[in-house]
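**Student:** The sequence isn't on hand, but the structure is:
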């Protein structure tokens, strides 16, 4: 099997740090290089102290595409802030073309830049015009449990948002059904979901003993969720998503509630079987009894799901690590599928319990 060489653009953020940590364990990854203009020349562990004596290397100021062109299997992960890749993509594609990398290189973006397919949808979700609208629709949406067939062999992949991942995995087995009615979604996330640069509302000391809602009915990830439902021809539904800021560092816990018509036959037994059948071959989805637990998935690429029904009310709950299954781990999962490595290669480790 040919070896993979990796470049990480934006290696100093939480996503970049998780990519460095996780890719080290991948048996088919031969080398990892990472870019950070701010930290150029510094060893990785200066920014990511957990990597000291584990991941060797230093941040580079800019990529050496000429050298990277010698890679057998070149893969680029973009972990840059939102809109950075969109602004740089034309220049990057020109460099890759110059070095004959365009058709060989796999680009996986962890930001929200290319998750949606058109400029109008992007502007509605993010409240601003897209800086590179002509590139929208050229990336495959990287939710492996939904798009594995399209991810296989893909050269441009947009990894889903963390909330979108948790909620889509809750809803996927129900997608395509008719007259689902009102779908109420509540989901809580830890402080790491806001990135390494804090703000007044995301700084951990201001939230550690607090619990609050934010972006009520207006979170950008809702567009990814409704797009999936619509693509799967789900009809007769409306969705309300309220995200919450939780006193955690890592993790997302999502609760989806709906009251589908009795004609759909979604009682406790049939509901459980529907989820078991749908995720039978999904290596990172685990069905659990009672309730998922964030502590059981932190540090891992697993998403735990529980389904319940009583008197016609359906409740689906999911828990995942926003930095792994909701970000870097899922991006590596997509790389595995795209490059034919085996979906679970390098990712089949347990979380750190207790978290």
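**Tutor:** Noted; the coordinates are in hand. The structure presented is a predicted model; accordingly, all values stated were derived computationally and were not measured.

**Student:** excluding its backbone neighbours, what's nearest residue 328?
**Tutor:** residue 18 (3.6 Å; C-beta to C-beta, 6 or more residues apart in numbering). Glycine gets a C-beta too; all of them are placed from N, C-alpha and C.

**Student:** and that neighbour, that one's in a strand?
**Tutor:** No. Assigned with DSSP: H, G, I helix; E, B strand; the rest coil, residue 18 falls outside any strand and is helix.

**Student:** That one touches residue 331, doesn't it?
**Tutor:** No. Using C-beta atoms under 8 Å, residue 18 is not in contact with residue 331, being 9.1 Å away.

**Student:** So between the two, which is more surrounded?
**Tutor:** Using other C-beta atoms under 10 Å, the more surrounded residue of residue 18 and residue 331 is residue 331, with 27 against 23.

**Student:** Where do the helices of the stretch 1-150 of the chain begin and end?
**Tutor:** Here the stretch 1-150 of the chain has its helices, by DSSP state H, counting those that start in this stretch, at 14-23, 44-47, 65-68, 84-98, 119-126, 144-151.

**Student:** Tell me which other helices or strands the next helix or strand after the last one touches.
**Tutor:** Yep, that's helix 144-151 we're talking about. Next along the chain after helix 144-151, taking DSSP states H and E as the criterion, comes strand 156-158. Packing partners of strand 156-158 (3 or more C-beta pairs under 8 Å, 6 or more residues apart in numbering; DSSP states H and E): strand 106-109, strand 140-141, helix 329-339.

**Student:** what about the first one, distance to the chain center?
**Tutor:** Computed by C-alpha atoms, centre = their mean, to the nearest Å, the chain-centroid distance of strand 106-109 equals 13 Å.

**Student:** What's the mean pLDDT across that strand?
**Tutor:** Averaged across strand 106-109, pLDDT comes to 98.

**Student:** Check stretch 214-228 too.
**Tutor:** 96.

**Student:** Give the buried residues for that stretch.
**Tutor:** Residues 219, 220, 221, 222, 223, 224, 225, 226, 227, 228 are the ones in stretch 214-228 that count as buried (16 or more other C-beta atoms under 10 Å).

**Student:** So which of these sit within helices?
**Tutor:** 222, 223, 224, 225, 226, 227, 228 (DSSP state H).

**Student:** What residues does the third one make contact with?
**Tutor:** With contacts taken as C-beta atoms under 8 Å, 6 or more residues apart in numbering, residue 224 has the following neighbours: 115, 116, 141, 160, 161, 164, 168.

**Student:** Likewise for the fourth one?
**Tutor:** Residue 225 sits next to 164, 167, 168, 171, 185, 239, 241 when contact means C-beta under 8 Å, 6+ apart.

**Student:** now with 10 Å?
**Tutor:** 160-161, 163-168, 170-171, 183, 185, 219, 239, 241, 256 (C-beta atoms under 10 Å, 6 or more residues apart in numbering).

**Student:** Strands of the stretch 251-355 of the chain, start to end?
**Tutor:** 252-258, 285-287, 303-310, 313-320 (DSSP state E, counting those that start in this stretch).

**Student:** now for these, which one comes closest to residue 67?
**Tutor:** strand 313-320 (36.0 Å; C-beta to C-beta).

**Student:** Strand partners (parallel or antiparallel) of the closest one?
**Tutor:** strand 252-258 (antiparallel), strand 303-310 (antiparallel) (DSSP bridges).
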